[in-house]
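K.L.:
show me how the following folds:
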Amino acid sequence: MKQKTLQIMMVAMAVVVVGWIGFGRGEGDVVSAESLPAATTQPYTVTVGASGSIMVEPDVAYLNLAVETRGAKATEAQQSNADKFAGVEKTLYEKFGIDKKDVKTTGFDVQPEYNYTEKDGQVLKGYIAVHSIQVTYRKLPEIGKLFDALTASGANRLNGVQFSTEKKEQYELDALKKAMDNAAAKAGVLATSAKRQLKGVMNIVQGDVQNRPVMYANEMASVQMKAMADSAGASSSVQSGQIEISTTVSVQYEMQ
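P.N.:
Numbering: from 1, shown residues only. Modelled structure (predicted):
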């Protein structure tokens, strides 16, 4: 029994020796262990939101107007509308030299018009034809004269005017610079309060750009009545005001 046990122990030792020899020669399964990297320290950060805005002078106006006519028949209303609209086109293209690409039809329709009485109910009164257009105009100091001339030539519905700018991309960059300056100022105050210093920008997200054009809608009624009452007098006065271009940013800074 003792001899058998001794034999088993000798075989086991031989296996161990062979294993070490195989490891030294690159044979057999090799087991290696790698040291794990030290846990990385998350940087200290501060994230702020800021806005920037600038006020600019408008350089373009969008006039919305229409010619409205009536007739006993649809064809009469339509023909009357075409005659008056020809006068409006002459004013736009010949008198004020507006390019045809700056005049866009926004609607044209002919609808029946009814009167209502308790006795007869709805009674057909005739037809209404409306031709609506939008005019892009850049000579803003002359816009009052243009209103008056259009009214005199047949445009009897002035639905409003919007003052805007065609340099939105340029002004957006200026607003972004202001927003980033404001973000840096805010982050600086927060870092100082935390007894730290700003190290650099880690992330930036831009928000929507707001373009607040100057709108005139209700004033158009008074402009229209003034022009119709005294077309030979002084031109209507419309003030373009200023446009606000604004944007927002969210900026993440690293602190040290």
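K.L.:
ok, and for the biggest strand by length in the chain, which residues are buried?
P.N.:
Ranked by residue count and defined by DSSP state E, the top strand of the chain is strand 121-137. Within strand 121-137, the residues that qualify as buried by neighbour count (16 or more other C-beta atoms under 10 Å) are 127-137. C-beta here means a position set from N, CA and C on the backbone, and glycine is covered the same way.
K.L.:
with stretch 249-256 instead?
P.N.:
Counting neighbours by 16+ other C-beta under 10 Å, one finds that the buried residues in stretch 249-256 are 249, 251, 253-255.
K.L.:
so of these, which ones are in strands?
P.N.:
Among those, the members found in strands (DSSP E) are 249, 251, 253-255.
K.L.:
could I get these as CSV with distance to residue 187?
P.N.:
Shown next, in CSV, are these (distance: C-beta to C-beta, whole Å):
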residue, distance to residue 187
249, 11
251, 7
253, 5
254, 10
255, 9
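K.L.:
can you redo the residues you listed as CSV with distance to residue 105 and pLDDT?
P.N.:
Conversion of those to CSV gives the following (distance: C-beta to C-beta, whole Å; pLDDT from 0 to 100):
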residue, distance to residue 105, pLDDT
249, 40, 97
251, 46, 97
253, 52, 97
254, 56, 96
255, 58, 95
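K.L.:
hmm, back to that, which one of the buried residues of strand 121-137 sits closest to residue 45?
P.N.:
residue 136 (47.2 Å; C-beta to C-beta).
K.L.:
in this structure that closest one contacts residue 102, no?
P.N.:
Yes. Under the criterion of C-beta atoms under 8 Å, residue 136 lies in contact with residue 102, with a separation of 4.0 Å.
K.L.:
residue 161 pairs with what?
P.N.:
Note on residue 161: beta-bridge partners residue 63, residue 216, judged by DSSP bridges.
K.L.:
how about low-confidence regions in the stretch 151-256 of the chain?
P.N.:
With pLDDT under 70 as the threshold, the stretch 151-256 of the chain has low-confidence stretches at 214-238.
K.L.:
would you list every one of the strands in it?
P.N.:
Across the stretch 151-256 of the chain, reading from the start of the chain, the strands by DSSP state E, counting those that start in this stretch fall at 157-164, 198-212, 214-216, 243-255.
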